[in-house]
Structures are given as C-alpha cells and as structure tokens.
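Participant: I'll drop the sequence and a predicted model, then ask my questions.
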Amino acid sequence: MTHSGLAMVGLGAAALVLAMWWHPQWLNQAEGALFDWLRERQVLLSWLPENTAERATAVNLEDLSAQQAAVAVWLGRKYKVAPEPLAALVAEAYVLGKKHKLAPHLILAVMAIESNFHPYVQSQAGAQGLMQVMTAVHAQRYEAYGGKLAAFDPISNLRVGVSVLVDAIKLRGGSVQEGLKFYLGGYALTEDGGYLAKVLSEQVLLDQVAAGVKVPTQ
C-alpha cells in the first residue's frame, strides 16, 4: 500500500508538472499564490519584501497636465514637500472640483492652510490629516474607506474633507466664504482669525501659478 501510495503521488506530481508545462499561465498563477501565501506569513520578508510602489500615493509629474504640474511644483517648493505625492493630491483636487463644482485651487488652498500638506497633523481639538477633518465627528464618512484610520491616508482624507466642505457651503446657502467659516468652526465660530483671508489669498496665488505667472514662494 505504501508503494502504491507513493506511485500515485509521483504520477500526480508528474501530471501536474506536465499540465503546467502545457499551460504556462497556470504556473504563473501558482507561483503568485505561493509567494503571497509565504509573504503573508512573513516567510519571505527578509529576502523578498512586498512591493508597495503600487500602493504609494504618488504620481509622476509627467502624467499631469502642464497646468497641474506647475501647481504641484510650486506647492512642493513652498511647503517643502516632494512633488510626486503633491501631484497625486493636485490631480485628485481637480477631479473632486469637477465632481462637486468646486474650484480645485480652493481645495488645495484649504489643505495648504489647514496642514501645510502634512498628512499626519493632528490639532488639539482632534482634527486630523490634510484637510484637518474632525474624525470623531465625521467617522461615518470614513466607513467607505475602511474606518477612522483612513483619516491619515492622504487621498481618503482629501475626499472626506471635500465632502464636509461641500456640505458646509450648502448649509450656508451656497456661500463659499460662509461655508469656509463653518468648515473651520461650525456654529460656534465667532472669529476666524484671518482663516478665510488666508485660504482665498492662497487660491489666488494658485490661480496665477496655473496661468503661467511666476509667483514667488516666499
């Protein structure tokens, strides 16, 4: 019985090898599945680390329009942030702006004033991420992105922040200025500390950069 069992195993292995030889795609799929299984168990971590480039929130400047690339480069110089992740944010701001009928440079200006484009900033009040969204208040908005920790994912935070801003503008009768104030402090806000002026001023600079004007970063 032992010899018969070994013979069957041998025949099965031979049949499997022959099948993979005839169908190379099966071999590729099997290798991929094996590597994923080993990587999940950290067996290969020391010599075959996971390739996370596909998950990086970054875009080559060459993939943007000339207008968007100019904005990304200018913001990178001003806020000392790498241009590739900024390029991803600029591209997303343009997409969200078109979707919500909101000026993309206004979105970028809010990020600039709120966080200086640093995705891990947290205020004393609990506002988090690029758009300084109050995660505890807007936790439900993050459910579509996997939960509250998505507040520290740049793109997720940007999308949630824009949705909060859009709702604030609608709540204030469609006024962008009043919506920005509500975004900053809600009904309790009595003085914005120059916040509105800073955001709108930054938006004007970004409009100029996109138009080809040489705008200093200082």
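Facilitator: Good, I have the coordinates.

Participant: give the contact list for residue 206.
Facilitator: For residue 206, the contacting residues are 71, 74, 75, 105, 108, 109, by CB atoms under 8 Å, 6 or more residues apart in numbering. For every residue, glycine as well, the C-beta is placed using N, CA and C.

Participant: Between all of those, which two are at the greatest distance?
Facilitator: 74 and 109 (12.3 Å; CB to CB).

Participant: what pairs with the residue nearest to residue 125 when sequence neighbours are not counted across the strands?
Facilitator: Once flanking residues are discounted, residue 125 sits nearest to residue 134: 7.1 Å by CB to CB, 6 or more residues apart in numbering. Beta-bridge partners for residue 134, by DSSP bridges, are residue 127.

Participant: Residue 74: what's it in contact with?
Facilitator: With contact taken as CB under 8 Å, 6+ apart, residue 74 is in contact with 206, 209, 215, 217.

Participant: Which residue is the nearest non-sequential neighbour of the first one?
Facilitator: Pointing back at residue 206 there. In space, and not counting its chain neighbours, residue 206 is closest to residue 105: 3.9 Å by CB to CB, 6+ apart.

Participant: could you show me where the helices are in the chain, in order?
Facilitator: Taking DSSP state H to define them, one finds helices in the chain at 2-22, 24-40, 66-79, 83-100, 104-115, 154-171, 176-185, 195-210.

Participant: give the contact list for the residue nearest to the spatial centre of the chain.
Facilitator: Taking CA atoms, centre = their mean as the criterion, residue 155 is the residue nearest the geometric centre of the chain, at 2.2 Å. Contact analysis of residue 155 by CB under 8 Å, 6+ apart lists 57, 88, 89, 92.

Participant: quick one: least confident of the residues you listed?
Facilitator: By pLDDT, residue 57 ranks lowest within those, coming in at 85.

Participant: Does that residue touch residue 154 like I think?
Facilitator: Yes. At 5.1 Å, residue 57 and residue 154 qualify as touching, with contact defined as CB atoms under 8 Å.

Participant: Find residues that contact each of those two.
Facilitator: Contacts common to residue 57 and residue 154, judged by CB under 8 Å, 6+ apart, are 85, 88.

Participant: So for these two, which residue has more residues nearby?
Facilitator: Taking neighbours as other CB atoms under 10 Å, residue 57 and residue 154 compare with residue 154 leading, 23 against 16.

Participant: Please work out how many residues are found near the residue nearest to residue 195 when sequence neighbours are not counted.
Facilitator: The shortest distance from residue 195 to any non-neighbouring residue, by CB to CB, 6+ apart, is to residue 184 (5.2 Å). The tally of other residues near residue 184 (other CB under 10 Å) stands at 19.

Participant: How is the chain divided into domains?
Facilitator: 2-50, 61-210 (automatic domain parsing).

Participant: highest average neighbour count across these?
Facilitator: Of these, the one with the most neighbours on average (mean count of other CB atoms under 10 Å) is domain 61-210, at a mean of 18.

Participant: now that domain, how far from the chain's geometric center?
Facilitator: The chain centre lies 12 Å from the centre of domain 61-210; the measure is CA atoms, centre = their mean, to the nearest Å.
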